[in-house]
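In: Here is the input, now give the coordinates:
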Amino acid sequence: MEIGYIGLGRMGSNMVENFLDHNIKVVAYDKASDLVKILMDKRKEDVASGLLKGADSIEAVANNLRMPRTVWLMIPAGKTVDIVLSQLIQYISVGDLIIEGGNSNFKDSIRRAREMKDEGIEYLDIGTSGGTVGARHGTCLTIGGKKEVYERAEPLLVTASSGKGMMYVGPSGAGHFAKMVHNFIEYGMEQAMCEGAALMKEGLEKLFKQQNPDLVGLCDAWNNGSIIQSRLMEEMANAFKLYPGLEQLTSSIGGGESGEQALNTAMELKVPMPCCTVALLERYRSRAGDNSYVGRAISAMRNSFGGHEIKKRM
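Out: Numbers count the residues shown, from 1 in each chain. Here you go, the predicted structure:
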């Protein structure tokens, strides 16, 4: 198997390494040429064996793949995807496959699939979950597009996924729709967990007179056999290890685009989602300088599992 891969950020570079570990040939490109160089320097043996080839343009990606080609995009959602698609279709052919693995709005994915169909090009929208660790060792994939196209790409997707962490959800747009809902659920879970951590900290300090309570130990205990055991609980423990006391962080939480899309969709469909909606609104408030412990904890968690930007106090 071989694949062209465009986008070598935190998720993309790790996914490429996962493919290489499974002897899948990759032609890799990023508009930031230093990211291509970093990857090639890290995987010198794969470069020498011909398993990894760096490309200096989108055209070079297409020219170094056998037909029918498969090209995976892992780039920021929005206009960037449309720009790259408009460039890519100049160099690929009828029957080639484009996989879009970012956090695109599912309505954009429906439109893009229709536009690619007009060009004779196959298109899958794939929600990619699991942070950088998942990308490196096996991520969770929710897939939208034509069923027969999914079946064509299935061997590649099995390699990218974490065992059973893969599902064909439905027609074009369904994969990114599922990722949007996943992210909204994540907002609510992070909010609840970090509110609980804030209450534990205040209670242990003020009611039980403990200085610097061991929240890492508490998370580790909860993450071994309790009902709230989870990957996010593990990430909260990691966040407390990375940023003891959280004092060096501001409460400003990044992101929110997926939550906004999910809330708008929930309102269209008249599906009540109060918990996740409050979590989204709390993200807005975190940027107004409230400096809450909860906001700092969520920011640290997001940095732990996804490398998302944090803002430190001056």
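In: any chance you could read off phi and psi for Ser129?
Out: phi -120, psi 150 (degrees, to the nearest 10).
In: An error on my part: the question was meant for Thr159.
Out: According to degrees, to the nearest 10, Thr159 has phi -60, psi -40.
In: Strands of this protein, residue ranges please.
Out: Taking DSSP state E as the criterion, the chain carries its strands at 2-6, 25-29, 52-54, 70-73, 97-100, 122-129, 139-144, 161-170.
In: which one of those strands lies closest to Asn18?
Out: Of all the strands of the chain, it is strand 139-144 that lies closest to Asn18, at 7.9 Å by CB to CB. Placement of C-beta: from N, CA and C, glycine included.
In: Now the terminal residues of stretch 246-254, how far apart.
Out: In stretch 246-254, first residue to last residue: 16 Å (CA to CA, to the nearest Å).
In: meant to ask about stretch 302-314
Out: Start-to-end span of stretch 302-314 (CA to CA) is 20 Å.
In: Tell me the buried residues in it?
Out: The neighbour-count check on stretch 302-314 (16 or more other CB atoms under 10 Å) flags Arg302, Asn303, Ser304, Phe305, Gly306, His308, Ile310 as buried.
In: what's the nearest residue to the last one if we skip its chain neighbours?
Out: Nearest residue to Ile310, sequence neighbours excluded (CB to CB, 6 or more residues apart in numbering): Asn303, at 4.7 Å.
In: isn't that neighbour right up against Phe240?
Out: No. With contact defined as CB atoms under 8 Å, Asn303 does not reach Phe240; the gap is 11.9 Å.
In: one step back: for the residue nearest to Ile310, give me the pLDDT.
Out: With respect to pLDDT, Asn303 scores 95.
In: for it, what are its contacts?
Out: By CB atoms under 8 Å, 6 or more residues apart in numbering, Asn303 lies in contact with Ala239, Leu242, Glu309, Ile310.
In: Which of the residues you listed sits closest to Leu124?
Out: Closest to Leu124 out of the contacts of Asn303 is Glu309 (28.9 Å), distances taken as CB to CB.
In: Would you check how far apart that closest one and Leu35 are?
Out: Glu309 is 17 Å from Leu35, where distance means CB to CB, to the nearest Å.
In: quick one on the thing from earlier: for the buried residues of stretch 302-314, work out which two are farthest apart.
Out: Farthest pair in the buried residues of stretch 302-314, by CB to CB: Phe305 and Ile310, 12.4 Å.
In: Of the strands of the chain, which shows the lowest average pLDDT?
Out: Among the strands of the chain, strand 161-170 has the lowest mean pLDDT, at a mean of 92.
In: Could I get the pLDDT score of the closest residue to Met193 other than its chain neighbours?
Out: Spatial nearest neighbour of Met193, chain neighbours left out: Met236 (5.8 Å); criterion: CB to CB, 6+ apart. Note for Met236: predicted pLDDT of 98.
In: For Met236, the count of nearby residues, please.
Out: Look at Met236: counted by other CB atoms under 10 Å, it has 28 neighbours.
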